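Participant: take a look and give me a structure for this.
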Amino acid sequence: MYHQLGRITGRLIAASNLQAPLFPVAPIALQRVEVPVIQYNTNQFSTVTEEACAAPGKRNLMPGTNTPYPPVPENIRRKQELFQRDNDLPVFLKGGPADVILYRLTLLLCALGLVGVVQTIYSHAIPKKQ
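Facilitator: Reported below is the predicted structural model:
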């Protein structure tokens with residue numbers, strides 16, 4: 001038995017015109033299809049050959065290509081050396097005096113925020129005396 005909404009009342013009524021189900025009773029099996037072979041555009045992508053990796057001048061190749069990595073700018077190389085130096089400083093202080101100032105300012109703001117939270121909790125927990 002199938003139902004539909006009545007046009008006048010808007011309630012469910014028995015449907016007389018829906019004698020067939022809205023979906024197939026006996027589903028038809030899908031046909032098997034071979035998976036397509038992936039084809040790469042060899043004009044845009046080139047694979048790295050064994051000879052290219054064995055050559056001494058071509059060890060810094062980008063993966064999957066025969067092009068070398070671009071050179072690293074000098075300012076980035078200096079920062080890498082600065083941050084990789086073993087001087088027993090945490091990484092957030094290795095930037096110099098500016099990092100120390102920012103670190104201490106952050107600690108000060110965290111402490112002020114903690115004091116503000118404690119003050120708010122105290123003022124809400126203990127009523128004012130009148």
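Participant: got phi/psi on the spatially most central residue of the chain?
Facilitator: Residue closest to the mean C-alpha point of the chain, counted by CA atoms, centre = their mean, is Pro63 at 22.3 Å. Backbone torsions for Pro63, taken as degrees, to the nearest 10, come to phi -60, psi 130.
Participant: for Arg11, see how far away it is.
Facilitator: Using CB to CB, to the nearest Å, Pro63 is found at 66 Å from Arg11. Just so you know, the C-beta spots here come from the backbone N, C-alpha and C atoms, and that holds for glycine as well.
Participant: what does Leu105 give?
Facilitator: 69 Å.
Participant: before we move on, what about Ile76?
Facilitator: In terms of CB to CB, Ile76 sits 73 Å off from Arg11.
Participant: again with Gly116
Facilitator: From Gly116 to Arg11 the distance is 60 Å (CB to CB).
Participant: could you pull out the buried residues of the longest helix that the chain contains?
Facilitator: Longest helix of the chain, by residue count under DSSP state H: helix 97-125. Neighbour counts over helix 97-125 (16 or more other CB atoms under 10 Å) mark no residue as buried.
Participant: state the mean pLDDT of it.
Facilitator: The pLDDT scores in helix 97-125 average 96.
Participant: and stretch 5-24, by the same measure?
Facilitator: 68.
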